[in-house]
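Q: With the sequence up front, the predicted model follows.
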Amino acid sequence: MIYVENARKKALEFFDSADEINAEIAKLNAEYAAQQITAKIRDEKFRALDEKKRALRKKIQGDIDGLQASYVDAVQKWAALDGGKIHDDAKLLDPAFGLNGAELTELSKKHCGNVVMQRLIQNFSAKHNIMYEPQTPSPERKINAYNSLCQQLKSMTNEGDDLFNRAVIEVNEYFGSWVLQDHGEVVQEAVKETDDEKRKRWEADPRYQGMLRSERRIQALKNS
């Protein structure tokens, strides 16, 4: 989850810094309202603050792009074929043992995170037409899930200082559930690392239900 957390921290860094810029803007407007500065001075300073926020957004999004590149490299190394990863359980992948789908699923669970064993199990399943539930996403699906997560985080910074977006990122319970539901494959062992009961409690939380009322924001988040 370190890559997920690092991307999250970058998005929060934007919102925290944007708060400071917004405070400067509020102070500027108050000074103008009190006739302490002219409209020309206010506008000049406002343009400078706006540019400061644009530069901040560009930097944060660039940092997230860098995380995506690092994640691809890490997944490719994790997925590298290595004969040393072949467990003795590979001997069970023989028609003579008559493994069924449930047993293949259990075998996949046992070797969750071992991409070589997962590949052997998958190939055996396909060859003998045995349906099972893979427990480790493919490298491609993990990369796609992380890229999707990062794209949505960058989209949130593009939307400005949206309180809904900030809540989704900042509150652990909200963020964890969001990652699980929309980007769960980015976690190597999502099923084992996530508390499903906690997710269900979050969905029933009145705060979450209140968020659902903002249909436009929810739709924008899903479609971005």
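A: Okay, I see it. Keep in mind the model is a prediction, meaning the values are calculated, not measured.
Q: in what helix or strand does the residue of the chain positioned farthest from its centre lie?
A: Largest separation from the mean C-alpha position in the chain: residue 35, at 46.2 Å (Cα atoms, centre = their mean). Secondary structure assignment for residue 35, by DSSP states H and E: no helix or strand.
Q: Give me the next element, helix or strand, following the strand or helix carrying residue 50.
A: If you go by DSSP H and E, residue 50 is part of helix 39-78. Sequence order places helix 101-110 as the next helix or strand after helix 39-78, per DSSP H and E.
Q: Pull out the buried positions in that following helix.
A: Buried residues in helix 101-110, counted by 16 or more other Cβ atoms under 10 Å: 104, 105, 107, 108. Placement of C-beta: from N, CA and C, glycine included.
Q: okay, now the closest residue to the last one other than its chain neighbours: neighbour count?
A: With sequence-adjacent residues excluded and distances taken as Cβ to Cβ, 6 or more residues apart in numbering, residue 108 is closest to residue 135, at 4.2 Å. Number of residues near residue 135 (other Cβ atoms under 10 Å) recorded here: 20.
Q: which phi and psi does residue 135 have?
A: With angles defined as degrees, to the nearest 10, residue 135 sits at phi -110, psi -10.
Q: likewise residue 86?
A: Here is the backbone geometry of residue 86 (degrees, to the nearest 10): phi -80, psi 110.
Q: residues contacting residue 17?
A: Counting by Cβ atoms under 8 Å, 6 or more residues apart in numbering, residue 17 touches residue 56.
Q: Tell me the spacing between it and residue 26.
A: From residue 17 over to residue 26 the distance is 15 Å, taken as Cβ to Cβ, to the nearest Å.
Q: Run through the residues that contact residue 126.
A: Residues near residue 126 by Cβ under 8 Å, 6+ apart: none.
Q: try residue 24
A: By Cβ under 8 Å, 6+ apart, the contact list for residue 24 reads residue 49.
Q: Buried residues in the one helix or strand residue 125 maps to, which are they?
A: Per DSSP H and E, residue 125 falls inside helix 115-128. Buried residues in helix 115-128, counting neighbours by 16+ other Cβ under 10 Å, are found at 115, 116, 117, 118, 120, 121, 122, 124, 125.
Q: what about dumping the CA coordinates of that helix to PDB?
A: The C-alpha trace of helix 115-128 is given here as PDB (Å, rounded to 0.1, in the frame of the first residue of the first chain):
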ATOM      1  CA  VAL A 115       3.100 -14.300  -9.600                       C
ATOM      2  CA  VAL A 116       4.800 -17.500 -10.900                       C
ATOM      3  CA  MET A 117       2.600 -19.800  -9.000                       C
ATOM      4  CA  GLN A 118      -0.500 -17.800 -10.000                       C
ATOM      5  CA  ARG A 119       0.500 -18.100 -13.600                       C
ATOM      6  CA  LEU A 120       0.900 -21.900 -13.300                       C
ATOM      7  CA  ILE A 121      -2.500 -22.200 -11.600                       C
ATOM      8  CA  GLN A 122      -4.100 -20.000 -14.200                       C
ATOM      9  CA  ASN A 123      -2.600 -22.000 -17.100                       C
ATOM     10  CA  PHE A 124      -3.700 -25.300 -15.500                       C
ATOM     11  CA  SER A 125      -7.200 -23.900 -15.000                       C
ATOM     12  CA  ALA A 126      -7.500 -22.800 -18.700                       C
ATOM     13  CA  LYS A 127      -6.000 -26.000 -20.100                       C
ATOM     14  CA  HIS A 128      -8.400 -28.300 -18.100                       C
END
